[in-house]
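Student: Pasted the sequence and its predicted model underneath.
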Amino acid sequence: MEIGAVEQRDEFGDIPVIAGVIAGGQAAPGSESVVESVEASLLEVGGFSGKPGQVMTVPTGGGGVAVLVGMGEELTFESVRSAAGNAVRAVKGETAVCLLALIPLDGAVRAVVEGLALGSYRFRTYKTSEDESPPPVRIDLVGADQVDVDEALVGAEATNLARDWSNTPAMDQAPSVIAGAIEEASAGTAAEVEIWDEARIRTEKLGALLGVASGSRRPPVLVLMRYQPDGAEYHVGLVGKGVTFDSGGLSLKSSSFMEDMKGDMAGGAAVAAAVIAIARLELPIKITAVIPFTDNAVGGDAVRPGDVLRPVDGPTIEVLNTDAEGRLILADGLGVVRRFDPDLIVDVATLTGAAKVALGEKIAAVFGSDSTVADRLLGAASRSGEDLWELPLFKDYRKSLDSNIADIKNITGSRYGGAIAAALFLSEYAGDGDWAHLDIAGPSLRSETYGEHVKGASGMAVRTLIELARDLSTSR
Ligand code: BES
Ligand code: MN
Ligand code: ZN
């Protein structure tokens, strides 16, 4: 979708106009002329009061058509982004005009662009039918500056790219395939991509990644992305979980838990898409990203409960449950990224069902090596509009990971506190510096379409990572 910034306009002909209505039926600032030209009785009959989530398409006095969208009582980035997402799905036709960026809120343009571009996302690669209501091809955004529009589009497009990767069936997205797709998507940006094949992974002694990969006929790969613009002072290391399908391995998942596991590479997808966006935005910050990609499959050579794996660095691991595989490949990913000596490491992973139990489907968990680090992530998330909540790295639980025969085991044996145990496991491999861990198991997938969210893969964490990079490249 193309979004073009345009000056104030009063004549729209028969092109649909997106206009905002505040709770109580009041026009949102900038939408007055359109809302006033709609007969009040139409709104009454339709029960339209401006509540969040309401959308109604009505004729205007001038022979045109208005797509009215409820914005609720408070005009915030969240309500504006959400309203734009709801509105764009109601537009019929190839073009539309949008008045939502006229509300007097600093940065409203960005929220509107995100809402439009994210809310109109479709994943139709495997549909053979025509899209019955395709998204508009072009939207004229009244009162916006094209520079702001284009900047906001970078983040939204990166989110949609991560959504595409996570929505793609595992059968069509082997580790080597997603690695190639990342390389292709990075072409033309200043992000350099290096792909380690299985032989290289073996030479580098990434024993935990190899262990997880051993059950699959599709070999693992490790994607190394580097963005190092001149003059960058701060260096962020990113690590993403790239499990291209999580069957659980020999500790096999039951079918209902396996259904969504093509998306177990959502953390890796988010990291890759964010690096591409950061490079497109030319942010003055150095980034090194490491994404191990592998299946967690069942096979004669699969890693067994009771086996011991040797990651490239850090404690040896007794694997007692092969379904706790994310932390294994991340141990190696963290080991690799630490070699580059970043100032801060952030990993992103669909790591535990326990994080989903704790915070539900809409909130990701963040753990920080200290509260300043966690606060950085929380700040970035609040500006990006993604929902993040802090959980503690509660040291007393570390004992529960003690192994009888190795340095650490990959499960605790307790049903409780699983997201914290997994984070404590990772902390053994993250080094002594600043580190944050995002567990996106819950919000990596949306179960319904509303606002800027679309049912399916969410692209969670992409915009928070971009925002973090923006923050660290300007203030520290
Ligand atoms: N990929 C899963 C976690 C997950 C669950 C992601 C639901 C998205 C939605 C992870 O590899 C896993 O299987 N974790 C286990 C860990 C357990 C065996 C300690 C879990 O959460 O059950
Ligand atoms: Mn698993
Ligand atoms: Zn997994």
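Tutor: Done, it's in. Being a predicted model, the structure only gives us computed values, none of them experimental. Residues are numbered from 1 along each chain as shown. Ligands and ions are numbered 1, 2, ... in the order given.
Student: CA atoms for contacts and neighbours, from now on please.
Tutor: Noted.
Student: Could you point out the longest strand of this protein?
Tutor: As assigned by DSSP state E, the longest strand anywhere in the chain is strand 286-296.
Student: Direction included, what does that strand pair against?
Tutor: strand 221-227 (antiparallel), strand 235-240 (parallel), strand 242-246 (parallel) (DSSP bridges).
Student: can it be found next to ligand 2?
Tutor: No: shown here: strand 286-296 not in contact with ligand 2 (CA under 5 Å from the ion), separated by at least 7.5 Å.
Student: winner for burial among the strands paired with strand 286-296?
Tutor: Highest mean neighbour count among the strands paired with strand 286-296 (mean count of other CA atoms under 10 Å): strand 242-246, with a mean of 30.
Student: Report the mean per-residue pLDDT for that strand.
Tutor: Taken as a whole, strand 242-246 has a mean pLDDT of 99.
Student: Extract the CA atoms of that strand and return them as PDB.
Tutor: Coordinates of each C-alpha in strand 242-246 appear next as PDB, following Å, rounded to 0.1, in the frame of the first residue of the first chain:
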ATOM      1  CA  GLY A 242      14.800 -19.500  14.800                       C
ATOM      2  CA  VAL A 243      13.100 -22.900  15.400                       C
ATOM      3  CA  THR A 244      11.600 -23.500  11.900                       C
ATOM      4  CA  PHE A 245       9.200 -26.200  13.400                       C
ATOM      5  CA  ASP A 246       9.000 -27.300  17.000                       C
END
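Student: how far away is P29 from ligand 1?
Tutor: Using CA to the nearest ligand atom, to the nearest Å, we find P29 at a distance of 41 Å from ligand 1.
Student: so that residue is in which element?
Tutor: Under the criterion DSSP states H and E, no helix or strand holds P29.
Student: before we move on, the earlier item: so which of the strands paired with strand 286-296 gets nearest ligand 1?
Tutor: Minimum separation from ligand 1 across the strands paired with strand 286-296 (CA to the nearest ligand atom) falls at strand 242-246, 6.1 Å.
Student: after that closest one, next one along is what?
Tutor: Tracing the chain C-terminally past strand 242-246 and defining elements by DSSP H and E, one meets helix 255-258 next.
Student: of all the strands paired with strand 286-296, which lies closest to ligand 2?
Tutor: Comparing these by their distance to ligand 2 (CA to the ion), the top pick is strand 242-246, with 5.5 Å.
Student: hang on, the earlier thing: in a markdown table: the strands paired with strand 286-296, plus distance to K253.
Tutor: Listed next are the strands paired with strand 286-296 as a markdown table, based on distance: least, CA to CA, whole Å:
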| stretch | distance to K253 |
| --- | --- |
| strand 221-227 | 24 |
| strand 235-240 | 22 |
| strand 242-246 | 8 |
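Student: a markdown table please, covering those and showing distance to ligand 2.
Tutor: Output for the strands paired with strand 286-296, formatted as a markdown table (distance: least, CA to the ion, whole Å):
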| stretch | distance to ligand 2 |
| --- | --- |
| strand 221-227 | 18 |
| strand 235-240 | 15 |
| strand 242-246 | 5 |
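Student: In TSV: those, plus distance to ligand 1.
Tutor: Formatted as TSV, the strands paired with strand 286-296 follow (distance: least, CA to the nearest ligand atom, whole Å):
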stretch	distance to ligand 1
strand 221-227	18
strand 235-240	13
strand 242-246	6
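Student: So which of the ones you listed is nearest L359?
Tutor: Of all these, it is strand 235-240 that lies closest to L359, at 20.6 Å by CA to CA.
Student: which residues in the stretch 351-476 of the chain form strands?
Tutor: 364-368, 388-390, 408-409, 434-439, 445-446, 456-457 (DSSP state E, counting those that start in this stretch).
Student: so can I have JSON lines of those strands showing mean neighbour count?
Tutor: Shown next, in JSON lines, are the strands of the stretch 351-476 of the chain (neighbours: other CA atoms under 10 Å):
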{"stretch": "strand 364-368", "mean neighbour count": "26"}
{"stretch": "strand 388-390", "mean neighbour count": "19"}
{"stretch": "strand 408-409", "mean neighbour count": "24"}
{"stretch": "strand 434-439", "mean neighbour count": "25"}
{"stretch": "strand 445-446", "mean neighbour count": "22"}
{"stretch": "strand 456-457", "mean neighbour count": "22"}
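Student: among those strands, which is nearest M258?
Tutor: Closest to M258 of those is strand 445-446 (CA to CA; 13.6 Å).
Student: Give me the helices and strands touching that closest one, please.
Tutor: strand 456-457 (3 or more CA pairs under 8 Å, 6 or more residues apart in numbering; DSSP states H and E).
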